[in-house]
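Undergrad: just need the structure, nothing else, for what follows:
(2 chains, ligands or ions: 2)
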Amino acid sequence: MFKLLKKALQVGEATVEYPFKPLEVAPGFRGKPIYNFQQCIACGACAIACPANAITMDYNLEKGIKSWKVFYGRCIFCGRCEEVCPTGAITLSPDFELAATAKEDLYCKADFRLTRCHLCGEYFVPAKELEYILAALEQAGQPGSASHITRQVMEVCPQCKRRQGIKTAVKSLPRAVGQQQGRG
Amino acid sequence: MSFSSQMKRGKKYPDALKDKFGTAVILEETYQTPEQLTITVDRNNLPDVVTELYYGHNGWLSNMIGNDERSINGCYALYYILSMEGNQNPQDNMWVTVKTLIPENDPQFPSVTPRVPAAVWYEREVRDMFGLEPEGIPDARRLVLPDDWPDNLYPLRKDAMDYRYRPESVEEKYDFIEVEGEGIVEVPLGPLHITSDEPGHFRLFVDGEYIVDADYRLFYIHRGMEKTAENRMDYDQVNFLAERVCGICGYTHSVAYSAAVESANGIEVPLRAQYIRTILLEVERLHSHFLNLGLAAHLVGFDSGFMHFFRVREKAMKMAEILTGGRKTYGMNLVGGVRRDILKEERDQILRLITELRKELDELLDILINTPNFLMRTRGVGKLERDVARDFSPVGPNMRGSGYARDNRADHPFAAYDRVPWEVVSKDGCDVLSRELVRAGELYQAFNIIERCLQEMPPGPILVEGFSYKPYTYALGATEAPRGENVHWVMTGDNQKLYRWRARAATYNNWPSLRYMFRGNAISDAPLIVASLDPCYSCTERVTVVDVRKKNVKTVSYNELENYCRERKYSPLKL
Ligand code: SF4
Ligand code: SF4
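TA: Ligands and ions are numbered 1, 2, ... in the order given. Take a look at the predicted model:
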């Protein structure tokens, strides 16, 4: 009993004053994923990797919109989205105070314009994703003159490509396209 | 597979079986890894072969898997996994899986339970989930499926249902055992638990203040994770689901899961990743054991001790935060390694915390052990006798408190456990005290393991990539969680998804023998006994007490029983 008392005196106050004082977390803490619309190209890699299905993507082919959505209520803060995102558009923050009074406050949404296939006229790819890929190809050393040919090839939807004969389509693509697809 | 035939272990086991039952008994022998052998036998020989390995060659039942392989070979299959231990040279220990095929049009097999009691839960589960009937099983009640689940709907059959399907409920029925005798009272405990906050229903049969027998019904919150994984998740995603098996020892499930996938596909995990996994597993053991020791103090009415254990435990949580970015050791594994390296500053911080923890633990244990009430309340209470333990294959501190030095980390070394020195802790009091002392001893071992791993881990990559998954290969992965071994089994599919995933958590092997641990104890010790298992089930608020002498039944709230356990005054049975 005496030992215990001594211990208690020696420890003093063990609790912290949270929530009246901020609580410090370790560097590299995995909290709320923060989304940056400017950088996002709507590629959907995060939605595929997310084990909890917190991030989802929907198409509206009538209106030509692809929407990105995260529901923080489902998020498990694993950081897989951050890991697979090619543009750094989603990163985990140290913020762990996510309580909200309304469910709607736990969503973050974004809509993206889709580009039409220049053969059949159907919507199929987010404009930003297309631009991103073209820019990446140019950086990878695609000579400027060929680039509008690449654009023409890229603006064809998969169905049309298949119709055209998949082999010719693949042959006309530069090699770097294959390497764009990482693990995820 | 990428191992040579010299590396294969354990020829002696199939040889011994052939000697005893004739060479025809084994239809097929395949190695999944050098220490994982699967032998196929006819279903009629199943009880003989499992019994011989279990009792004749120091085997323990570590898992049993039912599988719907009709699309592969037209049959259902059962896999009884035995951990073969106790060899003089630990290098000779191995896993032997006894496989048998069951034709679709005759879904039954001779039950192993009458000869190896440890099989009871597994066989009841396989009956629920696949509709395979264990002929001659002494306890043919449902285990996993809810009481209002329709008959003839077997969720894990591939053609049975989508994972989102929720059938209409049917009329409930569940027969708790009945104990006849003069003066026996029935005490229902649950459906909500004693120390955990999950549902389970306990029925204690008491004579006056003493428990004569017990029965329980669990699985009230079965989540159907295996089905979900098979239906909608890819191999990497299942890691994150596997950790949600438990809110305390989650990481160990993701390690067991990835190890199973890695073994099945011959994926070699880099050494540095193995060290990191080991460190995180031990950090998990730290916070888990601190928690359980704290709870034990709480249940014997020593609340200031409880507070101190929780205060000190916070340092272990801090370690997890530093190493993984979350207070729990979640989210660190992928198939092929880990996702986050340990940097130098982090290593130094952890080493400092270990030094502090060691000193704090010395002081706390000194105080706890010198609290007369603690020894008095835990010594000789909730005995898990050695022969009961032999029959039911319990695991973890529960087992090591009964004099068996069974520990997966030593028996089947995984991660980096065979690269750093440490010792298996066991005690032979068979009681609550022994189990708590085992945990205390393991905390010190964990300190050492973490320190050594941090100091010795080699540089290098932490994740391999670029491997491919081979369809329909299978293997098991095992870890020693704070509560005992976790054994996962996987079979890969041909669509980047698992064909079958079976996760067996430690406590699953500890429940069936609990009934024997209750017998002869005072009812006020029941919460303490359950807590000493450190159970992991979803917790219970009520207890049914059946008085066998007065023949009356009373339901007690968990709070009442817990208070009675702590104060030992105002018996809720007398009110
Ligand atoms: S942190 Fe994990 S769960 Fe949360 S959105 Fe990202 S991938 Fe999904
Ligand atoms: S992975 Fe990154 S760029 Fe792609 S949709 Fe997600 S946030 Fe946007």
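
Undergrad: so where do the helices sit in chain A?
TA: A:2-11, A:45-49, A:80-84, A:127-139, A:144-154, A:158-164, A:166-171, A:176-179 (DSSP state H).

Undergrad: can you tell me which of the ones you listed comes nearest to chain B?
TA: helix A:2-11 (5.2 Å; C-beta to the nearest C-beta). Just so you know, the C-beta spots here come from the backbone N, C-alpha and C atoms, and that holds for glycine as well.

Undergrad: how close does the residue nearest in space to the middle of chain A get to ligand 2?
TA: The centre of chain A sits closest to A:Cys46, judged by C-alpha atoms, centre = their mean, with a distance of 4.2 Å. For A:Cys46, the distance to ligand 2 (C-beta to the nearest ligand atom, to the nearest Å) stands at 3 Å.

Undergrad: ok, and the closest non-adjacent residue to B:Ile435?
TA: Wrong residue type there; residue B:435 is Arg, not Ile. Using C-beta to C-beta, 6 or more residues apart in numbering or on different chains and skipping the chain neighbours, the partner closest in space to B:Arg435 is B:Gly401 (3.6 Å).

Undergrad: so the one you found touches B:Cys430, yeah?
TA: Yes - here B:Gly401 reaches B:Cys430: they are 6.5 Å apart, a contact under C-beta atoms under 8 Å.

Undergrad: have a look at the two and say which one is more surrounded.
TA: Comparing B:Gly401 with B:Cys430 by neighbour count (other C-beta atoms under 10 Å in any protein chain shown), the higher total belongs to B:Gly401, at 29 against 20.

Undergrad: show me where chain A dips below the pLDDT cut-off.
TA: Along chain A, segments meeting pLDDT under 70 span A:1, A:142-146, A:166-184.

Undergrad: that's a helix at B:Glu168, yeah?
TA: No - membership of B:Glu168 in a helix is not supported by DSSP: H, G, I helix; E, B strand; the rest coil, which gives coil.

Undergrad: list the contacts for it?
TA: B:Pro150 (C-beta atoms under 8 Å, 6 or more residues apart in numbering or on different chains).

Undergrad: now do it, the pLDDT please.
TA: We have a pLDDT of 84 for B:Glu168.

Undergrad: what distance do you get for it to ligand 1?
TA: 33 Å.

Undergrad: point out where the stretch 301-450 of chain B drops to low pLDDT.
TA: If you take pLDDT under 70 as the line, the stretch 301-450 of chain B has no such spans.

Undergrad: can you count the residues close to B:Asn370?
TA: 12.

Undergrad: show me what contacts B:Pro270?
TA: Contacts of B:Pro270 by C-beta under 8 Å, 6+ apart are B:Gly337, B:Gly460, B:Pro461, B:Ile462, B:Leu463, B:Val464.

Undergrad: could you redo the last one with a cut-off of 6 Å?
TA: B:Gly337, B:Gly460, B:Pro461 (C-beta atoms under 6 Å, 6 or more residues apart in numbering or on different chains).

Undergrad: repeat for B:Thr479
TA: B:Thr252, B:Val255, B:Ala256, B:Asn486.

Undergrad: so which of those are in helices?
TA: B:Thr252, B:Val255, B:Ala256.

Undergrad: rebuild the residues you listed as JSON lines, extending it with distance to B:Leu291 and neighbour count.
TA: Output for those, formatted as JSON lines (distance: C-beta to C-beta, whole Å; neighbours: other C-beta atoms under 10 Å in any protein chain shown):
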{"residue": "B:Thr252", "distance to B:Leu291": "15", "neighbour count": "31"}
{"residue": "B:Val255", "distance to B:Leu291": "20", "neighbour count": "31"}
{"residue": "B:Ala256", "distance to B:Leu291": "21", "neighbour count": "28"}
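
Undergrad: what parts of chain A come near ligand 1?
TA: A:33, A:49-50, A:52, A:54-55, A:70, A:75-81 (C-beta under 6 Å from any ligand atom).

Undergrad: on that earlier part again, got JSON lines for the helices of chain A, with distance to B:Leu218 too?
TA: Formatted as JSON lines, the helices of chain A follow (distance: least, C-beta to C-beta, whole Å):
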{"stretch": "helix A:2-11", "distance to B:Leu218": "37"}
{"stretch": "helix A:45-49", "distance to B:Leu218": "34"}
{"stretch": "helix A:80-84", "distance to B:Leu218": "32"}
{"stretch": "helix A:127-139", "distance to B:Leu218": "49"}
{"stretch": "helix A:144-154", "distance to B:Leu218": "56"}
{"stretch": "helix A:158-164", "distance to B:Leu218": "50"}
{"stretch": "helix A:166-171", "distance to B:Leu218": "54"}
{"stretch": "helix A:176-179", "distance to B:Leu218": "51"}
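
Undergrad: tell me where chain B is predicted with low confidence.
TA: Ranges of chain B meeting pLDDT under 70: B:1-2, B:6, B:180-200, B:536-558, B:569-575.

Undergrad: partner strands of the longest strand along chain A and their direction?
TA: When chain A is parsed with DSSP state E, its longest strand is strand A:107-116. Applying DSSP bridges to the sheet, strand A:107-116 is found paired with strand A:65-71 (antiparallel), strand A:123-126 (antiparallel).

Undergrad: among those, which is nearest B:Ala140?
TA: strand A:65-71 (43.3 Å; C-beta to C-beta).

Undergrad: is it true that the residue nearest to the centre of chain A touches A:Arg80?
TA: No - counting by C-beta atoms under 6 Å, A:Arg80 is not a contact partner of A:Cys46; they are 7.6 Å apart.

Undergrad: next up, the contacts around residue 107.
TA: All of this is about chain A. So A:Tyr107 contacts A:Phe71 (C-beta under 6 Å, 6+ apart).

Undergrad: switch to chain B, please.
TA: B:Pro107 neighbours (C-beta under 6 Å, 6+ apart): B:Gly131, B:Leu132.

Undergrad: go again with 10 Å.
TA: Going by C-beta atoms under 10 Å, 6 or more residues apart in numbering or on different chains, B:Pro107 touches B:Cys75, B:Tyr76, B:Arg127, B:Phe130, B:Gly131, B:Leu132, B:Glu133, B:Tyr154, B:Arg157.

Undergrad: show me what the first one is bridged to.
TA: Following DSSP bridges, B:Cys75 is listed with bridge partners B:Glu69, B:Pro103.

Undergrad: I'd assumed B:Gly66 was in contact with it.
TA: No - in this structure, B:Cys75 is not within contact of B:Gly66 by C-beta atoms under 10 Å, at 11.5 Å.

Undergrad: quick one, which of these two is more surrounded?
TA: B:Gly66 (25 against 19).

Undergrad: give the residues shared as contacts by B:Gly401 and B:Cys430.
TA: B:Gly382, B:Lys383, B:Leu384, B:Ala389.

Undergrad: in the stretch 351-500 of chain B, what residue is nearest chain A?
TA: For the stretch 351-500 of chain B, C-beta to the nearest C-beta, closest residue to chain A: B:Ile367, 5.2 Å.

Undergrad: look up how far B:Ile26 lies from A:Ser147.
TA: Going from A:Ser147 to B:Ile26 by C-beta to C-beta, to the nearest Å gives 65 Å.

Undergrad: comparing those two, which shows the higher neighbour count?
TA: A direct count of neighbours by other C-beta under 10 Å for A:Ser147 and B:Ile26 places B:Ile26 higher, at 19 against 15.

Undergrad: ok, now which ones touch the residue of chain A most remote from its centre?
TA: Farthest-out residue of chain A from its mean C-alpha position, per C-alpha atoms, centre = their mean: A:Phe2, at 57.7 Å. By C-beta under 10 Å, 6+ apart, the residues touching A:Phe2 are B:Ile367.

Undergrad: for stretch B:359-376, which outside residues touch it?
TA: Outside stretch B:359-376, the residues touching it (C-beta under 10 Å, 6+ apart) are A:1-4, A:6-7, A:10-11, B:286, B:289-290, B:293-294, B:296-297, B:300-302, B:304-305, B:308-309, B:311-313, B:315, B:377, B:432-433, B:436-437, B:440-441, B:443-444, B:447, B:568.

Undergrad: 6 Å - rerun?
TA: So stretch B:359-376 is in contact with A:Lys3, A:Leu4, B:Val300, B:Phe302, B:Gly305, B:His308, B:Val312, B:Ala440, B:Leu443, going by C-beta under 6 Å, 6+ apart.
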